[in-house]
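Q: missing the sequence, but the structure's below:
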């Protein structure tokens, strides 16, 4: 059985304050704190590119987990903001990290649903090819595509990268995956001319309606009740959307993880950043992971603790 | 014909107004203390309760509960 053995996180040190933007966008501080939930955004250094951040997360994982770099069989990078269109970021990282030439490397083009998709793909890839160790990297620095004058997006997004080791003797295993796509809504979240555009109401309506449906479907598939779930990790789109999901699902807010205040919405990294805390503490037995966004796309699963 | 009473009931249940006794149907949602995110949640509740869908154009035009009632009756 292969599953999640460790997660490493890299969040750039630089922060841009949202409080500095309140007057410019005629917003109340209470709106920022209680609704957006992001007080400062993590922003990568101008000299850093996607592969540099991904490499930093991988190097931290190697140190933290003690895995030998030559024993990494597969490297997957989730990103939609690569260094360039060609080559894929995973190949750049494989080269910079001096991983084995026998290491498979490929990228997956997904946004906020990417982590859950990536875990499923990597667990399956390892199992079907008889491989032992895979690393899943999330790294989608939206600071590369944010229009600083667009209040719909500039207050939300932050930069981060994570690296997840999927291997034998895991601490947690992900299962009962459910996926979906609503391609007729692609226009709600797009990047044109290297600038992000978001129809906030369309994305909100999609998440508020679709995610609760998909969580019900997930619980049915896993044969679990809400009471069996110890923690919910939703993609951290904003404080408002996470709290809306909790309300519409009728779940205790104490079970819903929120940590967006000093980083921002870090796209596909938001779930593994929170999941790392759960994996390190090993208190929660059953965790719901649910990512949703660009596509519009969604993916959810149960992340189950292995052993005691 | 959509009655104002039914609209106000949905707004109340959407939990976006502190005290519905102070809610003024002729004032803008913003003046009634409903911020832009709560307005999105409130409009979704209206859509679900009445089985309608607001276009982006409709959404931009509606600022008060009276505007909302007029638009909903034009949609019906």
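A: Yep, it's here. On a predicted model such as this, the values are computed, not experimentally measured, just so you know.
Q: count the neighbours of the nearest residue to residue A:200 once chain neighbours are set aside for me.
A: For residue A:200, ignoring the flanking residues on the chain, the nearest one in space by C-beta to C-beta, 6 or more residues apart in numbering or on different chains is residue A:152 at 5.3 Å. From N, CA and C alone the C-beta is placed, and that goes for glycine too. Using other C-beta atoms under 10 Å in any protein chain shown as the criterion, residue A:152 is surrounded by 16 other residues.
Q: repeat that for residue A:51.
A: Residue A:51: 27 surrounding residues under other C-beta under 10 Å.
Q: at which residues are the strands of the chain located?
A: Chain wasn't specified; assuming chain A. In chain A, the segments counted as strands under DSSP state E are A:2-10, A:15-17, A:40-42, A:74-78, A:104-108, A:134-139, A:161-168, A:172-181, A:189-192, A:195-198, A:231-234, A:286-293, A:297-305.
Q: check the nearest residue to residue A:25 once chain neighbours are set aside and give its pLDDT.
A: Among residues not flanking residue A:25 along the chain, residue A:151 sits closest, at 4.3 Å (C-beta to C-beta, 6+ apart). pLDDT, residue A:151: 90.
Q: chain B versus residue A:114, what's the distance?
A: For residue A:114, the distance to chain B equals 25 Å [C-beta to the nearest C-beta, to the nearest Å].
Q: and the gap between residue A:256 and chain B?
A: Taking C-beta to the nearest C-beta, one finds residue A:256 at 17 Å from chain B.
Q: for that residue, give the beta-bridge partners.
A: Beta-bridge pairing for residue A:256 (DSSP bridges): residue A:232.
Q: shouldn't it be in contact with residue A:246?
A: Yes - using C-beta atoms under 8 Å, residue A:256 is in contact with residue A:246, at 4.6 Å.
Q: what do the two both touch?
A: Common neighbours of residue A:256 and residue A:246, using C-beta atoms under 8 Å, 6 or more residues apart in numbering or on different chains, are residue A:232.
Q: which ones are touching the residue nearest to residue A:25?
A: Contacts of residue A:151 by C-beta under 8 Å, 6+ apart are A:21, A:25, A:27.
Q: now do residue A:259
A: Residue A:259 neighbours (C-beta under 8 Å, 6+ apart): A:236, A:273, A:274, A:277.
Q: ok, so of the residues you listed, who is nearest chain B?
A: Closest approach between the contacts of residue A:259 and chain B, by C-beta to the nearest C-beta: residue A:236, at 15.0 Å.
Q: and the closest one, how many residues sit next to it?
A: Counted with other C-beta under 10 Å, residue A:236 comes out at 29.
Q: for it, what are phi and psi?
A: Per-residue torsions, residue A:236: phi -90, psi 70 (degrees, to the nearest 10).
Q: for the residue nearest to it when sequence neighbours are not counted, the count of nearby residues, please.
A: Spatial nearest neighbour of residue A:236, chain neighbours left out: residue A:270 (4.0 Å); criterion: C-beta to C-beta, 6+ apart. Neighbours of residue A:270 under the rule other C-beta under 10 Å: 29.
Q: list the contacts of the residue nearest to residue A:12 when sequence neighbours are not counted.
A: Spatial nearest neighbour of residue A:12, excluding adjacent residues (C-beta to C-beta, 6+ apart): residue A:44 at 4.6 Å. Applying C-beta under 8 Å, 6+ apart, one finds that residue A:44 lies in contact with A:12, A:14, A:53, A:141, A:143, A:159.
Q: and those residues, which are buried?
A: Neighbour-count burial (16 or more other C-beta atoms under 10 Å in any protein chain shown) is assigned, among the contacts of residue A:44, to A:12, A:53, A:141, A:143, A:159.
Q: show me the residues you listed that map onto helices.
A: residue A:53 (DSSP state H).
Q: and the buried ones among the contacts of residue A:44, which two are the farthest apart?
A: A:53 and A:143 (10.7 Å; C-beta to C-beta).
Q: follow-up on the earlier one: distance of the residue nearest to residue A:236 relative to chain B?
A: For residue A:270 relative to chain B (C-beta to the nearest C-beta), the value is 18 Å.
Q: looking at this, residue B:40 is in a helix?
A: Yes - assessed by DSSP: H, G, I helix; E, B strand; the rest coil, residue B:40 belongs to a helix.
Q: which ones are touching it?
A: Residue B:40 touches A:200, A:201, A:204, A:205, counting by C-beta under 8 Å, 6+ apart.
Q: make it 7 Å
A: The contact partners of residue B:40, taken as C-beta atoms under 7 Å, 6 or more residues apart in numbering or on different chains, are A:200, A:201, A:204.
Q: make CSV out of these and add neighbour count, distance to residue A:240 and pLDDT.
A: CSV is the format used below for the contacts of residue B:40 (neighbours: other C-beta atoms under 10 Å in any protein chain shown; distance: C-beta to C-beta, whole Å; pLDDT from 0 to 100):
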residue, neighbour count, distance to residue A:240, pLDDT
A:200, 19, 10, 90
A:201, 20, 12, 91
A:204, 22, 8, 94
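Q: report the buried residues of the helix or strand of chain B with the lowest mean pLDDT.
A: Using mean pLDDT, DSSP states H and E, the weakest-scoring helix or strand in chain B turns out to be helix B:56-61, at a mean of 85. For helix B:56-61, the neighbour count (16+ other C-beta under 10 Å) marks residue B:58 as buried.
Q: distance between that helix and the chain's centre?
A: 12 Å (C-alpha atoms, centre = their mean, to the nearest Å).
Q: which other helices and strands contact that helix?
A: helix B:65-75 (3 or more C-beta pairs under 7 Å, 6 or more residues apart in numbering or on different chains; DSSP states H and E).
Q: what do you get if the cut-off is 8 Å, keeping everything else the same?
A: Applying 3 or more C-beta pairs under 8 Å, 6 or more residues apart in numbering or on different chains; DSSP states H and E, we find helix B:56-61 packed against helix A:200-222, helix B:65-75.
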